[in-house]
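*Asks:* Prediction below, plus the sequence it came from.
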Amino acid sequence: MRTEQPKMIYLKDYQAPEYLIDETHLTFELFEDHSLVHAQLVMRRNPARGAGLPPLVLDGQQLELLSVKLADAELGTADYQVTDSHLTLHPTREHFTVDTSVKIHPETNTALEGLYKSGGMYCTQCEAEGFRKITYYLDRPDVMSVFTTTVIAEQHRYPVLLSNGNPVGSGPQDDGRHWATWEDPFMKPAYLFALVAGDLWCVEDAFTTMTERSVALRIYVEPENIDKCQHAMNSLKKSMRWDEEVYGREYDLDIFMIVAVNDFNMGAMENKGLNIFNSSAVLARAETATDAAHQRVEAIVAHEYFHNWSGNRVTCRDWFQLSLKEGFTVFRDSVFSADMNSATVKRIQDVAYLRTHQFAEDAGPMAHAVRPDSFIEISNFYTLTVYEKGSEVVRMIHTLLGGDGFRKGSDLYFERHDGQAVTCDDFIKAMEDANGVDLTQFKRWYSQAGTPRLAVSESYDAAAQTYSLTFRQSCPQTPDKVEKLPFVIPVELGLLDRNGAPLALRLAGEATAGETSRVLSVTEAEQTFTFVDVAEQPLPSLLRGFSAPVKLSFPYSRDQLMFLMQHDSDGFNRWDAGQQLSVQVLQELITQHQQGAPLVLDQRLVSALRTVLADDTLDQAMVAEMLSLPSEAYLTEISEVADVEAIHSAREFARKQLAEHLFDALWQRYQANRELSKKTAYVAEAEHFARRGLQNIALSYLMLSGKPDVLAATLEQFETCDNMTERLTALAVLVNSPFEAEKATALASFAEHFKDNPLVMDQWFSVQAGSVLPGGLARVKALMQHPAFNIKNPNKVRALIGAFAGQNLINFHAADGSGYRFLADLVIELNALNPQIASRQLAPLTRWRKYDDARQALMKTELERIRASGELSSDVFEVVSKSLA
Ligand code: TRP
Ligand code: ZN
């Protein structure tokens, strides 16, 4: 907790550090009721900051200072200044050492930042500014040091002692304690430091690198989870190979370790040589983890591994540059996942997520650029904008330069900046220099917040046989009030003739016609491109593969969208045409609901989806994606004012109608796939994900019919399946059904069976938190009393409260404000326990501008109540004050 008003930090104030730390030697003594940290820092004046010896201001929070030496001389209290955030010393030479000893309390650390205990084990989380809660330090990413770490703890309780780098020694002491020393030869900032001590087992494997070096691979888990590591290990080996093949990047230490912990604020952390993971991002086996969980494990293992180059070998100069490592690494992991599975489906899922959640962030009070220019609390900037939009920005560079050009740029970047802490500008410069291009205007993607709009209109001149597309770009105002200049928007497109065949594209002025799909760069506020030799009025397929993170509009008729759904050669755009058709149809239903008119579904949606269901040449995962209607959250995002009840009623009505009209086709697909599931052992591969995905969405539609056959099929699947994907879907279908007795039995038997598996219990909480039947809040409150719930465990909070407030919109946005009051109470409680989680759970309340006046007032009242509730963490303070500004 702070004692001063949190203050804004600006990128423009950046200054290089006054001092550098060449070597960091740490000794940890872990005891049950406290821990001691002894640090020796080998330091020098930073030559880049010129002459003179200004005061040395070390960061440090929640530390009890026991002793301090400067250049080997013990200091008295008159020789230094300590506050609750800094220790100031007065060096008298250019080179010197600093020795400190501090006492800390990992055993009561509920914020899960710095050194803390998760169950019976010690672990650390230092990004972004957690290291200062471990020892006094220059806790900033442009201070890089080599680290030696010794851990001393009771042998019996903590047989495994780990830190970054290579093990260099270990042994017993005569007091029942033992020690281990680790040395990390690579310079790194403190945020990549890690330590683990616990009673852990490990799964071991090895990887032979491109230069034939053998690397030991170890995944450490609590003993009961030793049977759930194989999928993560396979994912790790695939990632290591992929980074060699696609980026030429080889692993650099002799050992790579992953540790799974149950209490963790995010997904995982890329500490050098010792990644620490939320157990939900490591553990996966058929019986306990869904297909989606398996894919998430694969993606996160890859993401953290890829950071070894994009983040660790080349790191960030300051936290404003966070997207330098995160945007690039998300781009890398998303292409990896696309290569391992179905590329089109991966793209669809990423885009649906971006358009629903990042676009909403970009339109809200916390909107910020990919490279923000100010923040109060950096933990609040691990956002969809920095991660997902940042990845889209890197993807656009890849689109503009092509695969080979991009690789030349990344090679130059890694070579030029190895061992350095750099900026987004340095990344762009490497791309420019390697390709001889000028990306000056492109860089606006880093500095301008907000989602650009791109309105497209067409005109066809039959006599001249020319077809023109006019693009108009604009970007809405965001809280930073930065003036928006035109972006560089790569638009991949094609033109279809009346049979759906692609036209060879030739722009006016070009000698010959070229490809049937190409990328145009829209760089001006308004810009027209004219195609020649166009014999008939074509239909454009625009923004293929979602080639830029913009809101594109083109006045398609519903018939044209149905045509694109069937004929577009771009799989992503086939899906997107279906989504646009669904949006039009749903918006019509929303209007009918608002006018009190009877709801009438446009039957064209039914026939379009009937065609999709009948097409057995389509990837089944594509069929499943195309059958999924836009979510309520997405419909909210694209509304000027979101009408909670109308959106929910319209979408539910459409789902029921589709279930009724497509019953036979769905039933046939369901049964065929369920039969295959019964005959096939579980495999975590794309084809199998696809089959189960279609089976499960079919089942969720079929249950809307309420037919006894479907209930029987659901119960059969629930009881006899051999994997969590089928079991959890069956449970979710029952939970959202009117079959109260069957629902209660299924929930009870599931909980009884899995009560000792916290990750499975998270699923059990989520399924119930997501039930859109009336009475949602009461159910969530009751579940908070369940013995498996624990407010100090972030996974539990996300599973129950996050799922309720983020996904169960009809219940959370109850007109009486009860959902808002509940969330505010929770945020106030979490603020004192875990500020990072408190601040993240607050997000739904920040979106108040989307709702009607009555809800706006209720939401603001709760934000104000939080603001007035007492001493706020900087995390919650920033979000609440920006939301009310
Ligand atoms: N750097 C991590 C990643 O992208 C995420 C991260 C940042 C994190 N801060 C954290 C994880 C705090 C846990 C807790 O993979
Ligand atoms: Zn990351």
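*Replies:* That came through, no problem. Numbers count the residues shown, from 1 in each chain. Ligands and ions are numbered 1, 2, ... in the order given.
*Asks:* leaving aside the residues next to it on the chain, what's closest to His593?
*Replies:* Spatial nearest neighbour of His593, chain neighbours left out: Ala646 (4.2 Å); criterion: Cβ to Cβ, 6 or more residues apart in numbering. Every C-beta, even on glycine, is put in place using the N, C-alpha and C of the backbone.
*Asks:* ok, how many other residues are close to that neighbour?
*Replies:* 20 (other Cβ atoms under 10 Å).
*Asks:* May I have the phi/psi pair for the residue lying closest to Thr680 once chain neighbours are set aside?
*Replies:* Once flanking residues are discounted, Thr680 sits nearest to His688: 7.3 Å by Cβ to Cβ, 6+ apart. Main-chain torsions, His688, degrees, to the nearest 10: phi -70, psi -40.
*Asks:* Next: Arg847.
*Replies:* phi -90, psi 20.
*Asks:* How much space separates the closest residue to it other than its chain neighbours from Val330?
*Replies:* Spatial nearest neighbour of Arg847, chain neighbours left out: Gly364 (5.6 Å); criterion: Cβ to Cβ, 6+ apart. Distance, Gly364 to Val330, by Cβ to Cβ, to the nearest Å: 21 Å.
*Asks:* Kindly state the beta-bridge partners for Leu552.
*Replies:* When bridges are called by DSSP bridges, Leu552 pairs up with Leu454.
*Asks:* quick one: contacts for the residue nearest to Thr680?
*Replies:* 291, 680, 682 (Cβ atoms under 8 Å, 6 or more residues apart in numbering).
*Asks:* Contacts only, for Val146.
*Replies:* Val146 touches 22-24, 183-188, counting by Cβ under 8 Å, 6+ apart.
*Asks:* repeat that with 7 Å
*Replies:* With contact set as Cβ atoms under 7 Å, 6 or more residues apart in numbering, Val146 has these partners: 23, 184-185, 187.
*Asks:* how near is it to Thr181?
*Replies:* Distance from Val146 to Thr181, counting by Cβ to Cβ: 14 Å.
*Asks:* does the residue of the stretch 201-350 of the chain found nearest ligand 1 count as helix, strand or coil?
*Replies:* Ligand 1 sits closest to Met266 of the stretch 201-350 of the chain, with a gap of 3.3 Å, by Cβ to the nearest ligand atom. Here Met266 is recorded as coil under DSSP: H, G, I helix; E, B strand; the rest coil.
*Asks:* Leaving out sequence neighbours, find the closest residue to Asp615.
*Replies:* Here the residue nearest Asp615, using Cβ to Cβ, 6+ apart, is Val623, at 7.4 Å.
*Asks:* related to what we said a few turns ago, most neighbours among the contacts of Val146, which one?
*Replies:* Going by other Cβ under 10 Å, Asp184 tops the contacts of Val146 with 24 neighbours.
*Asks:* contacting residues around the residue of the stretch 501-650 of the chain found nearest ligand 2?
*Replies:* Relative to ligand 2, the nearest point of the stretch 501-650 of the chain is Pro549 (18.7 Å; Cβ to the ion). Each residue near Pro549 by Cβ under 7 Å, 6+ apart is listed here: 354, 389, 392, 451.
*Asks:* show me what contacts Leu87?
*Replies:* Counting by Cβ under 7 Å, 6+ apart, Leu87 touches 58, 60, 65, 80, 136.
*Asks:* Next, count neighbours for the second one.
*Replies:* Taking other Cβ under 10 Å as the criterion, the count of residues near Gly60 is 23.
*Asks:* how much space between it and ligand 1?
*Replies:* As judged by Cβ to the nearest ligand atom, to the nearest Å, Gly60 and ligand 1 stand 19 Å apart.
*Asks:* now that residue: how far from Val82?
*Replies:* Distance of Gly60 to Val82, given as Cβ to Cβ: 8 Å.
*Asks:* ok, now the last one?
*Replies:* When distance is defined by Cβ to Cβ, Tyr136 is 9 Å away from Val82.
*Asks:* Repeat that for the first one.
*Replies:* Distance, Leu58 to Val82, by Cβ to Cβ: 10 Å.
*Asks:* ok, the residue in the stretch 701-850 of the chain that ligand 1 sits nearest to - contacts?
*Replies:* For the stretch 701-850 of the chain and ligand 1, the shortest gap (Cβ to the nearest ligand atom) falls at Gln836, measuring 6.8 Å. Contact analysis of Gln836 by Cβ under 7 Å, 6+ apart lists 113, 265, 379, 875.
*Asks:* need these in TSV with pLDDT, distance to Ile489 and neighbour count, can you?
*Replies:* Listed next are these as TSV, based on pLDDT from 0 to 100; distance: Cβ to Cβ, whole Å; neighbours: other Cβ atoms under 10 Å:
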residue	pLDDT	distance to Ile489	neighbour count
Glu113	98	39	25
Asn265	98	35	21
Ser379	98	32	23
Asp875	98	34	25
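*Asks:* now, which of the residues you listed sits nearest Phe336?
*Replies:* The shortest gap between Phe336 and any of these belongs to Asn265, at 24.1 Å (Cβ to Cβ).
*Asks:* I'd assumed Leu112 was in contact with the closest one.
*Replies:* Yes - counting by Cβ atoms under 7 Å, Asn265 touches Leu112, with 5.1 Å between them.
*Asks:* how about the contacts of Pro549, which pair is most distant?
*Replies:* Using Cβ to Cβ, the two most remote members of the contacts of Pro549 are Glu392 and Thr451, lying 10.6 Å apart.
*Asks:* for ligand 2, what are the nearby residues on the stretch 251-400 of the chain?
*Replies:* Counting by Cβ under 5 Å from the ion, the stretch 251-400 of the chain comes close to ligand 2 at 326, 329.
*Asks:* hey, where'd the helices end up in the stretch 251-400 of the chain?
*Replies:* 291-306, 322-340, 343-353, 359-362, 384, 390-417 (DSSP state H, counting those that start in this stretch).
*Asks:* Out of these, flag the one nearest Ala885.
*Replies:* Judged by Cβ to Cβ, the one of the helices of the stretch 251-400 of the chain that comes nearest to Ala885 is helix 359-362, at 15.9 Å.
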